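Trainee: sharing a model prediction with you, sequence too.
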Amino acid sequence: DTEVTQTPKHLVMGMTNKKSLKCEQHMGHRAMYWYKQKAKKPPELMFVYSYEKLSINESVPSRFSPECPNSSLLNLHLHALQPEDSALYLCASSLVWPGNTIYFGEGSWLTVV
Amino acid sequence: DQQVKQNSPSLSVQEGRISILNCDYTNSMFDYFLWYKKYPAEGPTFLISISSIKDKNEDGRFTVFLNKSAKHLSLHIVPSQPGDSAVYFCAASARGTGTASKLTFGTGTRLQVTL
């Protein structure tokens, strides 16, 4: 069972709103990721958590704030986003990081208006 | 600097024939390679992987070939089915530390399997 579940599937938010994307996996994976994907582009890494600690931040603007409450959960808190932040946000997990197969969730479509 | 390249943005293959998707990489630190399939509005689905100690890995209709000297890998799908129509991403990583340990994706190849 390789399942990463993300909620919500679709989110529309204004530039002054605060919202969160949520991700959950019950595969016992100790590494979790946030990726961003724009249309016709490959996924771009944003953050990597390994054993609940932030290991990589790919110079992501502070309006995106990740949180890993426990080994199964990963959140992405959103505040004061811009329209250009509209994209598909993908959560993923792997057994460990680095060097293992990464399994993606279905993604959360974010539209910033 | 595009370290993983998929030079064919699209490919059309007839149902039942072989689909061959190609991928080139430049970083000699990469030692683990993966293929993902992506339908519109969904996350990428892992298909098959290969470690640099192998030159071939097979899983059902999918086979990945790795040519380390040429820094080239390919995904073969035999026989191709209409449900295989999707965007295929090649990805690579180095199983160590440092920036090469990130999963680096190619730009994708859109496969269309026609009836």
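Mentor: Yep, it's here. Residues are numbered from 1 along each chain as shown, chains lettered A, B, ... in the order given.
Trainee: quick one, what contacts the residue sitting nearest the centre point of chain A?
Mentor: In chain A, the centroid-proximal residue (CA atoms, centre = their mean) is residue A:34; its distance is 2.9 Å. Residue A:34 is in contact with A:23, A:45, A:46, A:47, A:64, A:66, A:74, A:76, A:89, A:90, A:91, A:92, counting by CB atoms under 8 Å, 6 or more residues apart in numbering or on different chains. Using the backbone N, CA and C atoms, a C-beta is placed for each residue, glycine as well.
Trainee: just checking: which of these also lie near chain B?
Mentor: Checking the contacts of residue A:34 against chain B by CB under 8 Å from any CB of the partner chain, the ones in range are A:45, A:90, A:92.
Trainee: can I get those residues in CSV with secondary structure, neighbour count and pLDDT?
Mentor: Formatted as CSV, those follow (DSSP: H, G, I helix; E, B strand; the rest coil; neighbours: other CB atoms under 10 Å in any protein chain shown; pLDDT from 0 to 100):
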residue, secondary structure, neighbour count, pLDDT
A:45, strand, 20, 93
A:90, strand, 28, 96
A:92, strand, 28, 95
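Trainee: and which of these is nearest to residue A:16?
Mentor: Lowest distance from residue A:16 to the ones next to chain B among the contacts of residue A:34 (CB to CB) belongs to residue A:90, with 25.2 Å.
Trainee: where does chain A dip in pLDDT?
Mentor: A:1-2, A:99 (pLDDT under 70).
Trainee: chain B contacts on that one?
Mentor: A:2, A:4, A:6, A:40-43, A:45, A:48, A:56, A:88, A:90, A:92, A:97-99, A:101-107, A:109.
Trainee: please indicate which of those residues are buried?
Mentor: Buried by 16 or more other CB atoms under 10 Å in any protein chain shown: A:4, A:6, A:42-43, A:45, A:48, A:56, A:88, A:90, A:92, A:97-99, A:101-107, out of those.
Trainee: before we move on, back to that, which member of the ones next to chain B among the contacts of residue A:34 is positioned nearest residue B:15?
Mentor: Out of these, the member with the shortest distance to residue B:15 (by CB to CB) is residue A:90, at 30.0 Å.
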